[in-house]
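> Sequence first, then the predicted structure:
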Amino acid sequence: MTVSEALKTRKSARAFLPKEVSPTLIQAILNDAKQAPSGVNMQPWHVCVVTGEKKCTLETKVIEAFEQGFKEVMDYAYYPSTWEEPYKSRRKETGLLMYSTLGIAKEDKPRQIEQWKLNYRAFDAPVVLYFFIDANLEKGSYLDYGMFLQSVMLSATEKGLATCPQAALAEFPSIVKDELGTPENMLLLCGMALGYEDKEALINSYRTPRISLDAFVTFHR
C-alpha cells in the first residue's frame, strides 16, 4: 500500500469486529508513528494503550458519569466557543449525514443519545489509545502531535486495521487520569479506537466529504 492509498483508504470506523489485536501489532504501529517529526525533536507524545478489563472498567465509569449528567471541562478547548461559517455548516452536514445513514430522525433524541454513548465505548473496538501531552508545552507541540496521530492512523491502515480518532474520549479527563494513574501535569488530548473494521456495519458506509482544492489553496507566482 502506498502513502496515497493509505490516505484515501483511511476513515473513521464506528463499528469493529470482536477480534483481538496483538500487542506486537500495536507496538509495530507505535514504532512506525514515533518517526513523526517534532520541533527540536521534543517528541511530546505519551500514549496509554487500554484493552480488556481495564477498558471495560474505564468506559463503564465514563458512561455512568454521562448518564448522571456529570460534566467536566476538557483539558483544552478542542472546538470553538462560537461556531461560524464555513465550519458551522460543515459540522451540521457531518451530523446529518451520519444520522441519515443510520435512519435516525432529527427529532429522535433518544436514539441520538444512544448513538453518542457509543463514543465512550470506543465503538466496541478492542483497543483504545489515550493520548496525553505535558501541560507545559505550547501550540507548536500540538502541531507535532497531529502529525504523530496521523502517522498512527496511516500505519494502522497499512496493517489492515481501522481507527477512529475521538475528541469525545477526552471529555472526562479526571476519570481517565484517575483510572490510568496518569500524572496531573499531563493533559488528555483525545482517544483513538483501534481494531478490525466491521465492514458489514451500516455506520461504516458513512463517509464525510472533502472540500475541493480551490476552496483552501491559493497559488502565488
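All right, it came through fine.
> Skipping adjacent residues, who's closest to residue 124 in space?
The shortest distance from residue 124 to any non-neighbouring residue, by Cβ to Cβ, 6 or more residues apart in numbering, is to residue 16 (5.7 Å). To be clear about C-beta, it is placed using only N, CA and C from the backbone, and glycine gets the same treatment.
> again but with residue 13, I slipped
residue 162 (3.7 Å).
> can you tell me the average pLDDT over stretch 109-124?
Model confidence over stretch 109-124, given as mean pLDDT, is 94.
> Quick check: the gap between the residue nearest the centre of the chain and residue 4.
Centroid check for the chain by Cα atoms, centre = their mean gives residue 165 as the closest residue, at 1.5 Å. As for residue 165, its distance to residue 4 is 20 Å (criterion: Cβ to Cβ, to the nearest Å).
> before we move on, the earlier item: for the residue nearest to the centre of the chain, which three-state class applies?
What DSSP: H, G, I helix; E, B strand; the rest coil gives for residue 165 is strand.
> For this structure, give the strand that spans the most residues.
In the chain, ranked by residue count with DSSP state E as the criterion, the top strand is strand 186-195.
> For it, which strands pair with it and how are they oriented?
Pairing partners of strand 186-195, with direction, according to DSSP bridges: strand 127-134 (antiparallel), strand 162-166 (antiparallel).
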